[in-house]
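Enquirer: give the three-dimensional model of this entry:
(4 chains)
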2 protein chains.
Amino acid sequence: MASTDEYLRLDRQICFALNSASRAFGGVYRTLLKDLGLTYPQYLVMLVLWEATEDEGPLPVKRLGERLRLDSGTLSPLLKRLEANGLVRRERSAADERSVTVTLTDSGATLKDRAAGIPRRIAAATGFDLEEIESLRTRLEHLTTALDEWEKSSPAGD
Amino acid sequence: MASTDEYLRLDRQICFALNSASRAFGGVYRTLLKDLGLTYPQYLVMLVLWEATEDEGPLPVKRLGERLRLDSGTLSPLLKRLEANGLVRRERSAADERSVTVTLTDSGATLKDRAAGIPRRIAAATGFDLEEIESLRTRLEHLTTALDEWEKSSPAGD
DNA sequence: CACAATTCAATTGTGCACAACTCAATCGCG
DNA sequence: CGCGATTGAGTTGTGCACAATTGAATTGTG
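Expert: Next up, the predicted model:
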């Protein structure tokens, strides 16, 4: 059985491997998204909007946050920046004045075409084949679910 | 063959799965590390120090950054906070006045005992068995290597 | 209907990540 | 040795993540 020292080794921590990979992706995206004037989190928001506004219409900030696992503390300033860059419009919902809906401007909608090549270039940068990416993604989703579950069920204990 | 729309779907993006998992880990660590008064990045720094200072002596900020994939812009303020909390000492190296070495204080060294249970509790939170964690970790390391390699080789192009 | 509880977005404050830059110390080459 | 290039840490500025709080709008219940 491995010792405590063994378990505390940095190179054994999956969280560190995960964190490094996530930041490495950040670097690649930064490079690829520079042309589009987007940061990586902004790109994720745009992905949701490109995907959703076609069949669902304007998206409340709440929904956006659910899909991205982000709260208003992160989204509010981010959306303001997207609005300042002319990619989205934010407006109070008439139906529910608490809610703010986010809509793509023409400029924001058009950006989709310029982003079309990104996923393929990202896939190429990983050097993984599609099947491998797929299986890794599935595992990561399970992991996220398990960790979120743990947080909800053990707000204090083990 | 999948359409562009298909490729741009959020739930197909491995980077998003990775990012979510990384942030989910952050949440669990936040909970577990609260007692120790450490943030998750601070914990990673402590891991390196606990591991290294035994056989290597004081560690320059540079070395710390290489192991954690972080630069001085992140480490300088973080180490200052650790110093303010009495966990480490920072001092200019006598051999090379440019370099600053980081040493654990007694308090910082003792904290290791209290952190000993963390990895096991994290593993439990994932719900994965050790083999599965191991294989995932290996894949992620390959991924990080590939992405870093791409960045170095294609600072502009594809 | 009234009013307490809830919901939603925004704000504030802390900390991390990273680019760009500064400045001093060191290195290396002629 | 002298001096330009490099190295190491720190600082500044921008943006993201998240906790905690605020304040307004809405909902649910008696």
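
Enquirer: dump the residue contacts of the spatially most central residue of chain A.
Expert: Per C-alpha atoms, centre = their mean, the C-alpha nearest to the average position across chain A is that of A:L44, at 4.5 Å. Neighbouring residues of A:L44 by C-beta atoms under 8 Å, 6 or more residues apart in numbering or on different chains: A:68, B:10, B:13, B:16, B:19. Where you see a C-beta, it was placed from the backbone N, CA and C, and this is true even at glycine.

Enquirer: same thing with A:T144?
Expert: For A:T144, the contacting residues are B:17, B:20-21, B:24, by C-beta under 8 Å, 6+ apart.

Enquirer: quick check, nearest of the contacts of A:L44 to B:R89?
Expert: Nearest to B:R89 among the contacts of A:L44, counting by C-beta to C-beta, is B:N19 at 35.0 Å.

Enquirer: list the buried residues for the host helix or strand of that closest one?
Expert: In this assignment (DSSP states H and E), B:N19 forms part of helix B:14-33. Within helix B:14-33, the residues that count as buried by 16 or more other C-beta atoms under 10 Å in any protein chain shown are B:14-26, B:28-29, B:31-33.

Enquirer: how close does A:E151 sit to B:T126?
Expert: Using C-beta to C-beta, to the nearest Å, we find A:E151 at a distance of 12 Å from B:T126.

Enquirer: who has more neighbours, the two?
Expert: B:T126 (22 against 15; other C-beta atoms under 10 Å in any protein chain shown).

Enquirer: help me confirm that that one comes into contact with A:L143.
Expert: Yes: using C-beta atoms under 8 Å, B:T126 makes contact with A:L143 at a distance of 6.0 Å.

Enquirer: residue of chain A with the smallest distance to DNA strand D?
Expert: Taking C-beta to the nearest atom of the strand, DNA strand D has its nearest neighbour within chain A at A:G73, 2.8 Å off.

Enquirer: now do the helix or strand where that residue lies: which elements does it pack against?
Expert: Assigned by DSSP H and E, A:G73 belongs to helix A:72-84. Packing partners of helix A:72-84 (3 or more C-beta pairs under 8 Å, 6 or more residues apart in numbering or on different chains; DSSP states H and E): helix A:40-56, helix A:61-68, strand A:88-92.

Enquirer: is chain B within reach of the second one?
Expert: Yes: part of helix A:61-68 sits close enough to chain B to count as contact by C-beta under 8 Å from any C-beta of the partner chain, namely A:67-68.

Enquirer: report the distance from that helix to the chain centre.
Expert: Relative to its parent chain, helix A:61-68 has a centroid offset of 11 Å by C-alpha atoms, centre = their mean, to the nearest Å.

Enquirer: and what of the last one?
Expert: Taking the mean of its C-alpha atoms, strand A:88-92 sits 20 Å from the chain's own mean (C-alpha atoms, centre = their mean).

Enquirer: what does the first one give?
Expert: Here the centre of mass of C-alpha atoms in helix A:40-56, compared against the chain's by C-alpha atoms, centre = their mean, lies 10 Å away.

Enquirer: anything in it near DNA strand D?
Expert: Yes: counting by C-beta under 7 Å from any atom of the strand, DNA strand D has neighbours in helix A:40-56: A:41-42.

Enquirer: what angle do the one helix or strand A:V102 maps to and strand A:88-92 make?
Expert: Secondary structure from DSSP H and E places A:V102 in strand A:100-104. Orientation of strand A:100-104 against strand A:88-92 (axes from the mean of the first three to the mean of the last three C-alpha atoms, to 10 degrees) gives an angle of 150 degrees.

Enquirer: can strand A:100-104 be found next to chain B?
Expert: No: on the criterion C-beta under 8 Å from any C-beta, strand A:100-104 is out of touch with chain B, staying 13.6 Å away.

Enquirer: for the record, mean pLDDT for that strand?
Expert: Mean per-residue pLDDT for strand A:100-104: 97.

Enquirer: sweet, I'm off.
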